[in-house]
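J.: Need a 3D model of the following:
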Amino acid sequence: MSNKICIGIEGTAEKTGVGIVDSEGNILALEGKQLIPASGGIHPREAAEHHAQWIPYLIEKSVHEADLKFSEIDLIAFSRGPGLGPALRTVATAARTLALSLNKPIVGVNHCLGHVEIGRLTTEAQDPVSLYVSGGNTQVIAFESGRYRVFGETLDIAVGNMLDQFGREVGLGHPGGPVVEKLALEANKYIDLPYAVKGMDLSFSGLLTAALRKHAKNVRIEDLCYSLQETAFAMLVEVTERALSHTMKQEIMLCGGVAANTRLREMLAVMSEEHYVDFFMPPVKYCGDNGAMIAWMGQLVYEKKGGQKIEDTTVIQRYRTDEVDVPWMKSYNKKLTLPDEILAKGAEANIYTGNWLDEDVLIKERIPKNYRIIEIDDKLRKSRTKKEARLLSQAKRCGVRTPIIFDIDLENKSLVMEKIEGQLVKDAIINSSPTLMNKTCQNIGESIALLHDCGIIHGDLTTSNIILKDSIDLIFLDFGLGKFSDLVEDKGVDLLVLKKALGSTHYQIAHKCFSAVMKGYQKSNDYKEVLDKISEIEGRGRYTS
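T.: Numbers count the residues shown, from 1 in each chain. Down below sits the predicted model:
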């Protein structure tokens, strides 16, 4: 097959760009222009007007840079979403006009996947867990069962938006992220701020509000920038670490506009080293929104699916990452090799075998996380160790099986606990019959109902944190993110963490399993209220298309 030339047009938010990439992955041109708002945030109409002004110029400049004639362009690609509606429509109109005028095929592609694929193209990453961070998106993405699955994401605002909004509110200008990064280098101390990780999801709105309140009390701006950045980035790295532990992949990749931040890159590199995996990041010029990533996505999509009819090139403002089939991608069966002394390595702790009063036990040690500053790390490790011990004991009183705790060492942040033989539910439900799978999932729902009726929120309900013993007994593990709460909101989020974990790693059976979970959960006192709350949370935009 002859080498095809694709021109890609990007413009989902304040940046517009044009890139040209051939079917062998050679990037022939990269041009872009960014809107800098006079005040406030990005207005969708202003972004659309900006794109309409610059796209024709950028197209001509890219073709000239690539030393091509327009007749040599074989394919037109454009960002179909997600993004700002007026901006997306402007880009789509430009792409359609170009395709019709040149009589060439056209494809609309997913913007988020463009970031992942340009990362894979420009690095040696094959099958990574990707942390995608930008002004409009914050997601932890990994390939599973024919699609890129979202293992975790922000429940409210994106990290880039949070940094920019903080910058605007305190007078640092726009974009705020680079200024926050610069001022953080001049800090003298850490200011305590809320740390909101919910399973593999996270929330930045409370962090932003707390930081703005500190600013209103005249906290030194350099210290505040440092504390905001360290807290937000530690949250991001932790949820990436959780996805890595759940998927057991051997690569981590950072992509998106916020990837330009040196401190975030440093933290992810340290975490990768601690987990014995490889860390990748595309060149900075390909991290932000750009036309080359759209052109390369166009090549991948066109090769497998062909072009689209003009009438099918409508934009999708809330275009979910996990809505797109990716037939060009495959999983790589690299096996993670741990040192002999470590039985298992989770996101929070190392698990070792041991002996306690002639009893075979497991030792769960929350080791220091060198990517986190000591003020955050010590607080989290100590509080989670104490909390987990309390919740494990309380769960038993509520009728839910958990490991017996023999000893707690707060100095070393470790627990000595019962060694339970069995199979992780993650593996068990894949290998079991449909009848046994359904029964196991229903029993999980019944156990969660018992926890919630006792006011216990697990906080990290994944199939990696439940053991199935003798095909009957369920043992719940890892309550480190848990808490005591009777709020229906917290119960709904708890169940959504499980639903997302199922959808990410057990796509073929996820719907059936979660339906069985909710059937078991009917025994909860708040079943109807929690069911309604789940629907409400899923309708808040980040979860829906």
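
J.: contacts, neighbours, all on C-alpha from now
T.: Noted.

J.: Need the nearest residue in space to residue 366, chain neighbours excluded.
T.: The shortest distance from residue 366 to any non-neighbouring residue, by CA to CA, 6 or more residues apart in numbering, is to residue 349 (4.3 Å).

J.: how far away is that neighbour from residue 17?
T.: For residue 349, the distance to residue 17 (CA to CA, to the nearest Å) stands at 43 Å.

J.: For those two, indicate the residue with more neighbours.
T.: Set residue 349 next to residue 17 and count neighbours by other CA atoms under 10 Å: residue 17 wins out with 27 against 20.

J.: Low-confidence stretches in this protein?
T.: Where the chain drops to pLDDT under 70, the residues are 1, 38-40, 333-338, 340, 343, 540-545.

J.: Residue 363 is in contact with the residue nearest to residue 366, correct?
T.: No: judged on CA atoms under 8 Å, residue 349 makes no contact with residue 363 at a distance of 9.6 Å.

J.: Would you map the strands across the stretch 151-300 of the chain?
T.: With strands called from DSSP state E, counting those that start in this stretch, the stretch 151-300 of the chain shows them at 197-198, 201-202, 251-255, 278-280.

J.: closest one to residue 231 among these?
T.: strand 197-198 (10.7 Å; CA to CA).

J.: Quick one: closest of the strands of the stretch 151-300 of the chain to residue 58.
T.: That would be strand 251-255 among the strands of the stretch 151-300 of the chain, by CA to CA, at 23.5 Å.

J.: now could you export just the CA positions of the closest one as CSV?
T.: The C-alpha coordinates for strand 251-255 follow below in CSV (Å, rounded to 0.1, in the frame of the first residue of the first chain):
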residue,chain,number,x,y,z
GLU,A,251,4.4,0.8,31.3
ILE,A,252,3.2,4.2,32.4
MET,A,253,2.8,7.1,30.0
LEU,A,254,2.1,10.8,30.8
CYS,A,255,0.3,12.8,28.1
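
J.: Quickly run through the sheet partners of it, with directions.
T.: strand 129-133 (parallel), strand 278-280 (parallel) (DSSP bridges).

J.: Same list, the ones you listed, but as JSON lines with distance to residue 425 and mean neighbour count please.
T.: As requested, these are exported to JSON lines (distance: least, CA to CA, whole Å; neighbours: other CA atoms under 10 Å):
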{"stretch": "strand 129-133", "distance to residue 425": "22", "mean neighbour count": "28"}
{"stretch": "strand 278-280", "distance to residue 425": "27", "mean neighbour count": "21"}
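
J.: possible to save those strands as a markdown table with distance to residue 489?
T.: Output for the strands paired with strand 251-255, formatted as a markdown table (distance: least, CA to CA, whole Å):
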| stretch | distance to residue 489 |
| --- | --- |
| strand 129-133 | 26 |
| strand 278-280 | 36 |
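
J.: So in the chain, which helix runs the longest?
T.: Scanning the chain for the longest helix, with DSSP state H as the assignment, gives helix 221-247.

J.: any idea of the angle it forms with strand 251-255?
T.: Here helix 221-247 runs at an angle of 140 degrees relative to strand 251-255 (axes from the mean of the first three to the mean of the last three CA atoms, to 10 degrees).

J.: so how far is helix 221-247 from its chain's centroid?
T.: 12 Å (CA atoms, centre = their mean, to the nearest Å).

J.: and that helix, what does it pack onto?
T.: Applying 3 or more CA pairs under 8 Å, 6 or more residues apart in numbering; DSSP states H and E, we find helix 221-247 packed against strand 129-133, strand 138-144, strand 147-153, helix 176-184, strand 201-202, helix 205-216, helix 262-274.
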